[in-house]
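Colleague: Below is the sequence, then the predicted model.
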Amino acid sequence: EAQVTQNPRYLITVTGKKLTVTCSQNMNHEYMSWYRQDPGLGLRQIYYSMNVEVTDKGDVPEGYKVSRKEKRNFPLILESPSPNQTSLYFCASSSYFVGASTDTQYFGPGTRLTVL
Amino acid sequence: AQTVTQSQPEMSVQEAETVTLSCTYDTSESDYYLFWYKQPPSRQMILVIRQEAYKQQNATENRFSVNFQKAAKSFSLKISDSQLGDAAMYFCAYRSRANNNDMRFGAGTRLTVKP
């Protein structure tokens, strides 16, 4: 089954304690991205990756890091979480070919993060 | 930068009735994609319908259809014969074709279906 998986689904942590949210897709997609969802704001992009070892900032990258060492994985790292990073996080993937049409993004199930 | 506006934070509809959710967007591009995603209480983002800007024909998926007005930059979603399972948050989204990274979401519309 084609899917995007995220772990953990729920996480409660304390300020300053480093954490990683994993994301994996089995569709051989080149493009992957991270979003955060906050009430009244919709989804906002944190980071994206066009392919292995190619990443760039989205609209709200402060306080986050990412890496793309393998095509299927795109972890989100919070080096020193703060309460304003309490949010619902989504990983998404899609195919991406330079010069060709893009494709629909497929989303993971979401990770509810609470930073105390 | 492109922006997506959903002016209806909440909507309600009677079961079996029809409801239309509004979405407008701002862009200077001529080629792009528009989407409606559904987010039920499970929080999963589910693609409802997709429209390519170069296609004049409105997309349809079973009970879901869109009214795409390119000149007006409007992309509304019509749900016919509403069912209890349609209750969810609905997000309108825009994705540039020239810049595949540029994907924007509206703030969402919460749809309630009354039995």
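Modeller: Structure's in. What do you need?

Colleague: the longest strand in chain A is where?
Modeller: Once chain A is assigned using DSSP state E, the strand that runs over the most residues is strand A:42-51.

Colleague: Can that one be said to contact chain B?
Modeller: Yes - judged by Cβ under 8 Å from any Cβ of the partner chain, strand A:42-51 comes into contact with chain B through A:42, A:43, A:44, A:45, A:48, A:50. All C-beta spots, glycine's among them, are computed from the backbone N, C-alpha and C.

Colleague: For the fifth one, name its beta-bridge partners.
Modeller: Spelled out, it's residue A:48. Assessed by DSSP bridges, residue A:48 has beta-bridge partners residue A:33, residue A:56.

Colleague: Next: the first one.
Modeller: Taking DSSP bridges, one finds residue A:38 as the beta-bridge partners of residue A:42.

Colleague: which residues does the most centrally placed residue in chain B contact?
Modeller: Nearest to the mean C-alpha position of chain B, by Cα atoms, centre = their mean, lies residue B:36 at 3.3 Å. Contacts for residue B:36 (Cβ atoms under 8 Å, 6 or more residues apart in numbering or on different chains) come out as B:21, B:23, B:47-49, B:64, B:66, B:75, B:77, B:90-93.

Colleague: ok, now with 6 Å
Modeller: B:48, B:49, B:77, B:92 (Cβ atoms under 6 Å, 6 or more residues apart in numbering or on different chains).

Colleague: Residue A:66 now?
Modeller: A:47, A:55, A:76.

Colleague: how about those residues in a markdown table, adding neighbour count?
Modeller: Listed next are the contacts of residue A:66 as a markdown table, based on neighbours: other Cβ atoms under 10 Å in any protein chain shown:
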| residue | neighbour count |
| --- | --- |
| A:47 | 23 |
| A:55 | 18 |
| A:76 | 22 |
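
Colleague: Same list, those residues, but as CSV with distance to residue B:106 and pLDDT please.
Modeller: As requested, the contacts of residue A:66 are exported to CSV (distance: Cβ to Cβ, whole Å; pLDDT from 0 to 100):
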residue, distance to residue B:106, pLDDT
A:47, 21, 95
A:55, 26, 93
A:76, 23, 98
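
Colleague: Switch those over to TSV; also include distance to residue B:56.
Modeller: Formatted as TSV, the contacts of residue A:66 follow (distance: Cβ to Cβ, whole Å):
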residue	distance to residue B:56
A:47	35
A:55	37
A:76	39
